[in-house]
Each structure stands twice: as structure tokens, then as C-alpha cells.
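Return atomic coordinates for the entry below.
(chains A and B)
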2 protein chains.
Amino acid sequence: MSEQRVLRPTPISGFPEWSPQVRSVEQRWLDHIRAGFERYGFASIETPAVESLDVLLAKGETSQEVYTLHRLQEEAGDSSDARLGLHFDLTVPFARYVAQHFNELVFPFKRYQIQRVWRGERPQEGRFREFTQCDIDVINADQVPLHFDAELPRIVHEVLAGLDLPAWTLNINNRKVLQGCYEGIGIEDPLAVIRAVDKLHKIGAAGVREILTTQVGLSEEQVGLCLELAGIRGEDASVIDAVTKLGVRSELLSEGLEELGYVLDSLADLPKGSVVADLSIARGLDYYTGTVYEATFDDDPAYGSICAGGRYEDLAGQFIRRSLPGVGISIGLTRIFAKLAAEERLPEGRICPTDVLVALPSAERRDEALRVGAQLRERGFNTEVYHQGAKIGKQLQYASRKGIPFVWFPPFEEGKPHEVKDLTTGEQTEADPAVWSR
Amino acid sequence: MSEQRVLRPTPISGFPEWSPQVRSVEQRWLDHIRAGFERYGFASIETPAVESLDVLLAKGETSQEVYTLHRLQEEAGDSSDARLGLHFDLTVPFARYVAQHFNELVFPFKRYQIQRVWRGERPQEGRFREFTQCDIDVINADQVPLHFDAELPRIVHEVLAGLDLPAWTLNINNRKVLQGCYEGIGIEDPLAVIRAVDKLHKIGAAGVREILTTQVGLSEEQVGLCLELAGIRGEDASVIDAVTKLGVRSELLSEGLEELGYVLDSLADLPKGSVVADLSIARGLDYYTGTVYEATFDDDPAYGSICAGGRYEDLAGQFIRRSLPGVGISIGLTRIFAKLAAEERLPEGRICPTDVLVALPSAERRDEALRVGAQLRERGFNTEVYHQGAKIGKQLQYASRKGIPFVWFPPFEEGKPHEVKDLTTGEQTEADPAVWSR
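As a prediction, the model looks like this:
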């Protein structure tokens, strides 16, 4: 053995890494999500991991979480890479992409994007520094039909329903309802209230009341109404009625209620409890202007949102003199997946994709084994040929440890039949590589 | 329109980004490569984009190309992220992965890994700062059977043969042949010669001669033999004969020739010219110890290697007190793909994955259109429902611009038949959504 210093590698906190078994499940999930998005006609794009800092910080909100890049041996005064950072979500890069490629795209532009993102946050349960998000967004010139506000939750519901997750709920609200209501009772800074109400599930009603009173400077009556509004929740038109009964009047509020009603109505055929209007959902980001989405696990809402999104008016407008509103939703794949992995709730994955191991009793018979291997691959079976002549017991053990379901034995002599052993049942039978099926 | 300053985004040099059409081709390639790797039983893993700098620099060779990460708002004295860098290849992270998870893996461990890597290089033709590599490697405890040195080129050949590339050749050599030959004629620093010979295709024989004479200090005779060796090229045992005829004797040389002969012999059934032994191939990296691979386009070898790899003895040994040799090969996907994209040699991709657009003649008939859409999706067709009531001409134009092959018309009245228009032929026929097929 080498005498050199050994550098024992340790996991880097916040950067998840999976065993081959777990990775095989993640890959199945990714394929499933992608197929679900394509089923609705969304096209794949990918953007570089890197954006210029100008683009990343155009909205200025998450600056402390951005990882910037530097070349290790940067010459003094060379700042060619100094203005690059890793993207922290897929919405900002998408808005930039649409603005940059505006003339080549067909609108409404419907894209999905499944990529890793990076945030320099302190790692904690459910929060990673590198994680995969699965986003679908629609961006259009001038206006995005409300059709999409209803279609996106349906797609997410269909996709996640196929992954056998613990019970979860997609909560929906509409920023216009909140903002309209707040304006209707004379609140001057509705965004400050939205940011406070967004903390309701973390700090409770008393905490929100405190902020609204002392920091935002609302009257007791205003605070009361804000909290009353935030308490409204339901799956159908009863929600609209409950808001209307608050007696607040504003054009924006009416518009928001109409939109919310349309979305709820469009999704009424989904299983009960899938989609719920929850007037406490605000989403912290300033750029949402209409429908907002946020999904959580029913038995662990404090774990954080597993899907989130909403409608925005001018994200791409930062990069081009066109009105390019959009609506989008993001599945927090890593957050969901890591929780299930940690709780051992994932289905068992495969250690390797091999269907058949062709045994190699001795090195001299390698050509024959390779021929059978090629024939089985040709017929669609993932096939390994054992890598050296060895005792059959050792080869069977290798197959068994790797979870390979079948071991193939080429004939010992010319004219004798091939045999295949099913490691699940232990049964060994004659088989013809030209027609065998599992 | 917004009055705010507009930040016109521009492409960042060295970070490629594709249109949806081109991305759809890239995705097909990625699926094809993955299936090809799995066909031989290789399992997928992914590693974080980030490694500790200790790991990245353990071999110390590419330090100037590494991007390090810093948090934008790093507090003074906080260096928690200061020791992280983006991986510059997938071999070093794989070696670290195997060492770290040694006790959980089944050996020989055969994995594929398709991920982006980053290098802080000056971008130029064929060189990117962010690019995707597709790697297969086998690592085993103590020894890796030569079987794999022959299997890896076969897999790469099969995979790339399915991508309709311009003619290319996989060149093979064996470091033991070079090193054994150099040692056999009394050269003290064979690695210095290997590094010089590796530049042959860039600087020519005169340039290599100059380095070997003035920098490495070889005699004229030694230089002559090194260049004679580098000139040997062929597909079969003639190569072994030609080396033997040089009259150099060393145990390492014999071992290397035997290995090279085995690999060539094992691949003799591949189409003529696919795999060629080329004794000038050295690969610059110090860690290769046996077989080395390098593929280039026949009509543009100067473009750089499109696949590369080889056998290494102690990459994982840096991280664990075990002998863990390996052999691997990497397909430079982005390098290949970007060249074909730039030369417009890629097959035409789809703008979106949609098979059928369900027309929506008026908003009132939305439910009906949604029902047909759901039914077609259920039956496996990627289906969009047009997003608002609009003139049929406009909807047909949308389908045509997005390359959607079929437009579906729900019946105008109860009891009337559905119709579907094939946009390729222009033909419109009656159709039943429960049984229709394209």
C-alpha cells in the first residue's frame, strides 16, 4: 500500500449525495416528472449554472445567498470572472432566457427546467446548499391567460400523485385578494403586511399581530381584519363568500376573488383536499402579483414548502422593453426526496440496472460468453458478462449482491442447451438466447 | 411599459445555452447515452457540483482551472465556504465517492456519471467553461481485470455509433509500452518524455525533438527511437510486431504489449478503422498507468479529443488505505454537440413535445376541450389545450409555428363527430378520442 498521506473525505454539509440504489429511485422520479411535464406540451430548456451577478441581483432580494465564482489562480486585477454567480433558483434564469431569446421563441412559451440550484445558506433540515428544482412556467407577451393558473396545479398534482408521497396539500391564494383587501381598509403599504402575514405559520397570530401593530403601524381594527382574512380556508366558493362577508370593497379585491374562484372551479374535479384556498398563503417574494401556490406535507407543514410559485408581471421586463408576464410553479425535488430518504420511506432502488449476468466459467470461454451477452443486449436486456473466469459460486454471489435477477450459463459443450437461473425463485431452466424472455 | 432601467442580457462566453429545438436533440442524445451505459450494467451516480479544494487539488495538476466558491456577503473571518470548488472533471469526484462509500458498494463497482463540469479556462473553439461529460468507470479492490479495458471502448463505440457523428477514430495506446520502451533505452524520466510526446500533434516532430533534446536531455539516438515509436499505428498484431522490431527489451514493455494486444484482439470485430492503436497517444495526465484512450474527429483532429480516458492505479488511494485501481473513459458531450450545432449538422429538433393541440373555438367550450385533452393524455399523447377562445386560424398558426403535428376539433354540437387535422398532410378527418392513433 501507498505510504502517502491519506485524505479521508467527509460529506460536505448541505450537498446531498446518494448511493446507487437511492440514485436509481431519484432517476425514476426525474423521468416521471419530465414525462408529466411533456404530457402537457412543456418543452425542456436548461440554462448555465452561472449568471452574471447583475442578472441574479436584479431583484436584489437574495443577495446574501448567492455563491460567486472566482478562479483559484486569479491574477491580480483580472476580474473577468468576478461578476459571475451560481443561480439560486430557475425563475430568474428563465426570465433572462426569454428576454434574451425573445425573437426566436413561440409564445405563449411553455417550458420546464429541471436543474440544480445553489444557495449559500446555513444547512438545516430540508434546506440544502445544492438542490434540484423542477420548474414549469408559462411566459407570454402582454398577458398570460388565467387558463394556466389552473393548469399548473393540475400538472403538479398529476405528477406528484404518481410518486407515492405522504399526504400533502397545495394551498392557493391570490395576491390581489390580499392587496385589494388591505388597500380597501386604508393600509398604505400592503407589501409590508404580505411579508408579515407570510410568517403566520412560523411565528403565530400573536407574532404577526405584534409586527403589524408596532412595525407596520396598523390600527387594531386593521390588524383584526388582516388576521381574519388570513384565517379563511376552503376548497370551493364558500371561500369567496367568506371574504365577501368581511365587507371590504375594492376593485382589486373583486378581480382577485374572480381569479381565485376561476382557479378553484377549474380544479374542482381533483380529489378532495388536494387543492385548498388558504388566504394566509402570501409567499415572501415581492414579485408575485396574482395567484400564489405553496404546498406542504400535511403531517409536517413546518418542514417547509415542497412546491411553490405564482404569477408575476415583470420579471423578464427587467431585461427587455416588453411586457412579459408569467406564471410558474416549482417542485422542490431534493427537499421532498431527502425527507423520504432520511425517513426510509422511499421504495427500494436497484443497485445496478443489469437484468442478466452471463457467467464465465473459464477465461477460454470468454468469446462465447461475450456473444451471448451481445445477443441479449440486442434484444433489449441490460446484460453484464462476468469480468473474469471464476468459480460459479463467486459469480452467483456477485449477481446476488448486486440484485441482478438472472444468471445465464452458456453451454459447457457444443450442442448442449443454454441455461438461465432465476435468482428470485432459485429455479434453473434451459433457455435460448434468441427467444428467452423474463 | 415599465420605466425602469433595462439590463440587456448577453451570452456569457464559454457557457453554452441552447434553444428548445436544440435542447430536444441534446436530451435525445443524453437518453441514448444513458441507455447505452445501462445496457452494459453500469449504474448511475451523481456527485455534488462542489468538492473540497483538498480533494480537487490532491493531484495538484489543474489548480489554475478550478472555480472556487464564495458567498457574496461573506462575513469577515468566516471561511466556512472558502475551501470549496466546482469539480473540473468527474474522475476525481468518482474516486472520492468510492473511497468515501467503500463499505456500501459492491465491487467491481461500475458506474456512469453524466454531469456538468466547470473549468476557469479561456474559452476557445471546443473549449468551454461549463460542459457536460458522460463518464463510465470501473473501480475494483486490488486489481481491475483487463476485460474492462476492452469493454469500455466497445460501449463508447456502440453509443456514439447511434448518434450519426462525422467519422471519428478511437486511438488506443498503453502507458506501459511507452514507459517500458523509454526505460529500456535508459531514459530516467519517462513521464517527462510522455508529456513531450503528448504534444506531437500540436507542435510536430521537430517541436518534440527540441523538447526531448534540450529540456529532457536525451541523446539523439534516444530521441530517434522515441519518435520512431510514436510513429507506429495500426489496427492489429502488426503494431505489436513493429514495436518488437525496435529491439528494445524490458519487462514493462512486454507486459504493455500483451495488454495492448489483448485489447486490440477483443475489439477486432468492430468496423474497420473504429479502434486504432496509435503509439503517439500519451494523454497528459500523470495518473494513467496502462491503457489510454483518445478519440478525435477524422476530418478535424486539431479540434481536440472528443473521448478520453485510461487506466489509473491510485486515484482513490489518495483517500483511503486500500489499493483501488480503475479504468474509465469520458465522452465530451458538449464538445461534440457544440461542434455539430455550430456547423448545423444536428438533426432538426422539436420546438415542443406536443403531439396534439386541442382547439378551443370559444371560452364556453373549455370544459369539453379539457376533457378531450385529458383523454388523449391518458392514452399517451402529449397534448395541449389551446389556452383561450380564439379564431381557429390563430390556433392553427400556433400549432404550425410550434411544430405540433395534429390539431383536434371537439364537435360543434352534441352527437357530431370529433375531427382531427394532420398539419403535415393538411388532411382533416373524423376521429374518436378513445381509439384514435396517429
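
Can you classify the residue of the stretch 101-250 of chain A found nearest chain B by secondary structure?
As assessed by C-beta to the nearest C-beta, chain B sits closest to residue A:120 within the stretch 101-250 of chain A, at 3.7 Å. All C-beta atoms are positioned from the backbone trio N, CA, C, and that covers glycine. Counting by DSSP: H, G, I helix; E, B strand; the rest coil, the backbone at residue A:120 sits in coil.

What sits closest to it if chain neighbours are left out?
Leaving aside its chain neighbours, residue A:120 sits nearest to residue B:71 (3.7 Å; criterion: C-beta to C-beta, 6 or more residues apart in numbering or on different chains).

The one you found: neighbouring residues, count only.
21 (other C-beta atoms under 10 Å in any protein chain shown).

and if you look at residue A:70?
Residues near residue A:70, counting by other C-beta under 10 Å: 17.

my hunch is that it is in a strand, does that hold up?
Yes - assessed with three-state DSSP, residue A:70 lies in a strand.

Leaving out sequence neighbours, find the closest residue to it.
residue B:68 (5.2 Å).

Read off the pLDDT value for the one you found.
Looking at residue B:68, its pLDDT reads 92.

Equivalent analysis for the one 3 residues further on, please.
Residue B:71 is assigned a pLDDT of 88 by the prediction.

Next, count neighbours for residue A:319.
Neighbour count for residue A:319, taken as other C-beta under 10 Å: 23.

got it, and residue A:202?
For residue A:202, the neighbour count with other C-beta under 10 Å is 10.

how much space between the residue nearest to it when sequence neighbours are not counted and residue A:292?
Leaving aside its sequence neighbours, residue A:202 sits nearest to residue A:302 (C-beta to C-beta, 6+ apart; 7.9 Å). In this view, residue A:302 and residue A:292 are 19 Å apart by C-beta to C-beta, to the nearest Å.

And for residue A:337?
Counting by C-beta to C-beta, the gap from residue A:337 to residue A:292 is 24 Å.

Just want to know which of these two has more residues nearby.
Under the criterion of other C-beta under 10 Å, the comparison of residue A:337 against residue A:292 puts residue A:292 first, with 28 against 23.

Buried residues, the one helix or strand the more buried one maps to. List them.
Assigned by DSSP states H and E, residue A:292 belongs to strand A:288-297. Neighbour-count burial for strand A:288-297 flags A:288-297 (criterion: 16 or more other C-beta atoms under 10 Å in any protein chain shown).

From those, list the ones also adjacent to chain B.
Taking C-beta under 8 Å from any C-beta of the partner chain as the test, chain B is in contact with none of these.

quick one on the thing from earlier: is it correct that the residue nearest to residue A:202 is in contact with residue A:201?
Yes - taking contacts as C-beta atoms under 8 Å, residue A:302 lies within contact range of residue A:201: 7.3 Å.

neighbour count winner among the two?
Set side by side, residue A:302 and residue A:201 show more neighbours around residue A:201, with 17 against 10, by other C-beta under 10 Å.

Between strand A:288-297 and the host helix or strand of the more buried one, find me the angle.
Residue A:201 is part of helix A:200-210 when elements are defined by DSSP H and E. Going by axes from the mean of the first three to the mean of the last three C-alpha atoms, to 10 degrees, helix A:200-210 is angled at 130 degrees with respect to strand A:288-297.

tell me the contacts of residue A:375?
Shown in contact with residue A:375 (C-beta atoms under 8 Å, 6 or more residues apart in numbering or on different chains): A:433-434.

Any idea how far the helix or strand it falls within is from the middle of the chain?
Per DSSP H and E, residue A:375 falls inside helix A:366-378. Relative to its chain's centre, helix A:366-378 lies at 40 Å (C-alpha atoms, centre = their mean, to the nearest Å).

Only the buried residues of that helix, if you could.
A:366, A:368-370, A:372-377.

okay if I get those as CSV plus distance to residue B:130?
Below are the buried residues of helix A:366-378 laid out as CSV (distance: C-beta to C-beta, whole Å):
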residue, distance to residue B:130
A:366, 41
A:368, 45
A:369, 41
A:370, 38
A:372, 42
A:373, 36
A:374, 36
A:375, 40
A:376, 38
A:377, 33
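
Output those residues as a markdown table; include the columns distance to residue B:388 and pLDDT.
Output for the buried residues of helix A:366-378, formatted as a markdown table (distance: C-beta to C-beta, whole Å; pLDDT from 0 to 100):
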| residue | distance to residue B:388 | pLDDT |
| --- | --- | --- |
| A:366 | 64 | 92 |
| A:368 | 64 | 92 |
| A:369 | 61 | 95 |
| A:370 | 59 | 95 |
| A:372 | 58 | 97 |
| A:373 | 55 | 97 |
| A:374 | 54 | 97 |
| A:375 | 54 | 97 |
| A:376 | 52 | 98 |
| A:377 | 49 | 98 |
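
what's the closest of those residues to chain B?
Distance to chain B, by C-beta to the nearest C-beta, is smallest for residue A:377 among these, at 5.1 Å.

Might one say that that closest one is in contact with residue A:384?
No - taking contacts as C-beta under 8 Å, residue A:377 lies outside contact range of residue A:384: 9.8 Å.

Now for those two: what residues contact both?
residue B:40.

Other residues contacting stretch A:249-269?
If you take C-beta under 8 Å, 6+ apart as the criterion, stretch A:249-269 is touched by A:146, A:149-150, A:153-154, A:172-181, A:183-184, A:235-237, A:239-240, A:243-244, A:274-275, A:277, A:290-291.

Noted, bye for now.
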